[in-house]
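Student: Predicted model and sequence below, questions to follow.
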Protein chains: 4
Amino acid sequence: MPKDQRVPEQDASGAPARTLRADAQRNRTRILEAAETVFAAKGPSASTEEIAQKAGVGIGTVFRHFPTKESLLKAIMHAVAVRLAEEARALAAEGDPATALFTFFTRTVEQAAEQKTVVDLLAQAGIPVTVAKPVLALREAVEVLVGKAQQAGAVRPDVRVPEIMALLIGVCQASLHTPWEPDLRARTLAIVFAGLRPACVTG
Amino acid sequence: MPKDQRVPEQDASGAPARTLRADAQRNRTRILEAAETVFAAKGPSASTEEIAQKAGVGIGTVFRHFPTKESLLKAIMHAVAVRLAEEARALAAEGDPATALFTFFTRTVEQAAEQKTVVDLLAQAGIPVTVAKPVLALREAVEVLVGKAQQAGAVRPDVRVPEIMALLIGVCQASLHTPWEPDLRARTLAIVFAGLRPACVTG
Amino acid sequence: MPKDQRVPEQDASGAPARTLRADAQRNRTRILEAAETVFAAKGPSASTEEIAQKAGVGIGTVFRHFPTKESLLKAIMHAVAVRLAEEARALAAEGDPATALFTFFTRTVEQAAEQKTVVDLLAQAGIPVTVAKPVLALREAVEVLVGKAQQAGAVRPDVRVPEIMALLIGVCQASLHTPWEPDLRARTLAIVFAGLRPACVTG
Amino acid sequence: MPKDQRVPEQDASGAPARTLRADAQRNRTRILEAAETVFAAKGPSASTEEIAQKAGVGIGTVFRHFPTKESLLKAIMHAVAVRLAEEARALAAEGDPATALFTFFTRTVEQAAEQKTVVDLLAQAGIPVTVAKPVLALREAVEVLVGKAQQAGAVRPDVRVPEIMALLIGVCQASLHTPWEPDLRARTLAIVFAGLRPACVTG
DNA sequence: CATGAATGAGCATTCATTCAT
DNA sequence: AATGAATGAATGCTCATTCAT
């Protein structure tokens, strides 16, 4: 029945498997943005109604796009996961292997300080077998970074990915509850990074 | 017929500045215990009714003692803070200065893995100027531990308390979202501890 | 470029007094069929959206043809009424006057067991002055059947149409709530038919 | 914890398995009454809010007593079932065996004409194995009536209970959709009763 | 003081209906 | 004409909080 011009999906934004009319696409984006903002500010218990309002759409529109509050949350998580994974891959491709992991770590923590959502995502990215594809992609990207850092001798060879993820999650979480005074974040990360580097003679 | 012997408040339990009838005091304690259990299991969104039930009292009794759900949460946080501070002080008094901090850190993380409440507390204990007395007491106790560890040469002298608190919070939070496989926790802590120890020749 | 040949309305399908484009007519039919199926299965609380989907048209199209859910329901009722009236007339024309009424009665009940819609229709066909033409047509057709049955001596002369309609409605309704075990329906109808036949010596 | 005077449950009113404070009992009754009225008028799709309003209580109170809309409906059904079963038993005990069944039948239909709820109940009392106890009790009471009527020779011996229930349901349903003109109900019942009575010589 | 019934604002979700494309 | 996205009132249900018993 469709006689309208479909729009190819730019999947980078954690989007649905369907093609949408232009205006629907626009609304979908606005809803996601609003949701990201609101959830970031108030956590996942924020009301769907508020999101609809902030997005400037009716409540029904939100539920047409995301049939469940949880599905909306998931969509945002995916978007964030995709973004982080891209950053990780970019750093792995271009950056200095010896510092890329640390850079990624630092940037992610910086984002987390402002975006509760990043933290919530990472919470899901935890260590166990996570199902969602974008989250897995993120973990794989981090694995690459870790591998390169170890080959470059910047990270001890016996360190494994799970504990790095745990630390990443942890510092991000901490940043939520910590109005990092100017360089507290830097000092905290310095400790973690020092712990990751190969030891020397440690008498 | 006075079955009304007043009881002085034992302030260690983060209690109110009033004296209570013996049975009231008993109820207060039962409510706190129930709340700690329930909140630990389900997080702060657990329903007040459930707590009342577990405590074996009516809802009204809960609200008589804690006029707000939030005030109940706060009371528990205080209790936890007091407990942790005591552990810290005990370790500072008795333990080996070189390891006491690490021991405290490890124990706290272990508790956090089971007690969501510990994590929530630490979140409040963050870095900024926290008002609540018990929380301040906790931070002071940690300061002592850090000081001793530094004097013993077990922690780098330039490390300050705020970043240690941040790491403590972080690893605790992470433990919530991480079904720590057998020794993941140990490996994660190892990295943090390595980062805290004095470096050697680090060229 | 007129692909616009108007088509006169075949009123037998309970349709509107307008002429429609050929494709519109086709859609109208598909919607009615879908609605009959869906309403038959789920009753009148079925969602309009589901009907649109089953008909393979957009929601908007449904509402263009039937400006209200109720109007759609009414249209279906009419269609069913027309069908039943036709059956009644056919039986009156061809069948044995002594049994035609009973046959019609039986067939209708059989249909009702599967088609909630038939029951709903009959509910409207009740006894009072019903406005809708197709429903009146049905009642007239039944009147003919009754008249012939009475002339044939198969039905007591003092029986009137309203109570027959009431019984028809009733047994149909009952069939909805009664997983007729093999011949329960037959036994139930037998009682009704026995009640309709002329008594004998009844002392 | 309870220190208040409990009230023994008068189970005849389809009541819960709990004892209630006097005021709660009062509210429960008012809710049931309101619900019976409202459901009778608008069918089971009537809104719970409306019932609360009519009962003069808050919405929360309704849900405290009946945690689900369906549970409320069920409670009413039970109450009706109990009432009908009592009428049946009373007639079986005191009445003339030859007419008791017919009297019960007639009375029930009379009630149904005004109380949609009676009809809805009977719909559930259908023929199959119904689980709810009060409904079973009703069917058993009817069985007794039928048995006595057959022993008295007022009902043909080959008639079984299921078809009588089906007819009862049917006529009740019909009465809902039929503003029975003065004696239409009587004439309809006359046919059913004639069908139930032993035939004579029926040539 | 203790109790638990009552309250009602708040929330996720559905669905008939409207309207821009 | 057809489409399906948008709308928002309505609904069932939860839960912190109040208050009569």
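Tutor: Ah, there it is. Note that this is a predicted model, so its numbers are computed, not measured. Residues are numbered from 1 along each chain as shown, chains lettered A, B, ... in the order given.

Student: Point out where chain A drops to low pLDDT.
Tutor: A:1-20, A:123-131, A:178-180, A:182, A:200-203 (pLDDT under 70).

Student: Residue ranges of each domain in chain A, please.
Tutor: Using automatic domain parsing, the domains assigned to chain A come out as A:14-67, A:76-196.

Student: Highest mean neighbour count out of those domains?
Tutor: domain A:76-196 (a mean of 20; mean count of other CB atoms under 10 Å in any protein chain shown). C-betas here are computed from N, CA, C, even on glycine.

Student: all helices for chain A, in order.
Tutor: A:22-42, A:48-55, A:59-65, A:69-94, A:97-114, A:116-125, A:133-151, A:161-176, A:184-196 (DSSP state H).

Student: Would you convert those helices into a markdown table that also reports distance to residue D:58?
Tutor: A markdown table is the format used below for the helices of chain A (distance: least, CB to CB, whole Å):
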| stretch | distance to residue D:58 |
| --- | --- |
| helix A:22-42 | 28 |
| helix A:48-55 | 22 |
| helix A:59-65 | 25 |
| helix A:69-94 | 26 |
| helix A:97-114 | 42 |
| helix A:116-125 | 35 |
| helix A:133-151 | 44 |
| helix A:161-176 | 38 |
| helix A:184-196 | 50 |
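
Student: returning to that earlier point: of all the domains of chain A, which one is nearest residue D:36?
Tutor: Of all those, domain A:14-67 sits nearest to residue D:36, with 34.0 Å by CB to CB.

Student: close to chain B, is that closest one?
Tutor: Yes. Judged by CB under 8 Å from any CB of the partner chain, domain A:14-67 and chain B are in contact via residue A:45.

Student: what about that domain and chain C, touching?
Tutor: No. Domain A:14-67 does not reach chain C (CB under 8 Å from any CB); its nearest approach is 11.0 Å.

Student: shouldn't residue A:167 be in contact with residue B:170?
Tutor: Yes. The criterion here is CB atoms under 8 Å, and residue A:167 meets it with residue B:170 at 7.3 Å.

Student: Contacts only, for the residue lying closest to residue A:35 once chain neighbours are set aside.
Tutor: Once flanking residues are discounted, residue A:35 sits nearest to residue A:51: 4.8 Å by CB to CB, 6 or more residues apart in numbering or on different chains. If you count contacts by CB atoms under 8 Å, 6 or more residues apart in numbering or on different chains, residue A:51 has them with A:31, A:34, A:35, A:38, A:39, A:62, A:72.

Student: Repeat that for residue A:137.
Tutor: Contacts of residue A:137 by CB under 8 Å, 6+ apart are A:81, A:82, A:85.

Student: what do you get for residue A:149?
Tutor: Counted by CB under 8 Å, 6+ apart, residue A:149 has contacts A:97, A:98, A:100, A:101, A:102, A:155.

Student: quick revisit: dump the domains of chain A into a markdown table; add distance to residue C:184 as well.
Tutor: Listed next are the domains of chain A as a markdown table, based on distance: least, CB to CB, whole Å:
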| stretch | distance to residue C:184 |
| --- | --- |
| domain A:14-67 | 43 |
| domain A:76-196 | 51 |
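
Student: Of all those, which one comes closest to DNA strand F?
Tutor: domain A:14-67 (1.9 Å; CB to the nearest atom of the strand).

Student: Verify the stated contact: residue A:43 with residue A:116.
Tutor: Yes. With contact defined as CB under 8 Å, residue A:43 counts as touching residue A:116 (6.2 Å).

Student: Just name the closest of the contacts of residue A:137 to residue B:68, please.
Tutor: For the contacts of residue A:137, the nearest to residue B:68 is residue A:81 (37.0 Å; CB to CB).

Student: Can you tell me how far the closest one is from residue A:120?
Tutor: Counting by CB to CB, to the nearest Å, the gap from residue A:81 to residue A:120 is 11 Å.

Student: and the contacts of residue A:137 as JSON lines, adding distance to chain B?
Tutor: Formatted as JSON lines, the contacts of residue A:137 follow (distance: CB to the nearest CB, whole Å):
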{"residue": "A:81", "distance to chain B": "15"}
{"residue": "A:82", "distance to chain B": "20"}
{"residue": "A:85", "distance to chain B": "18"}
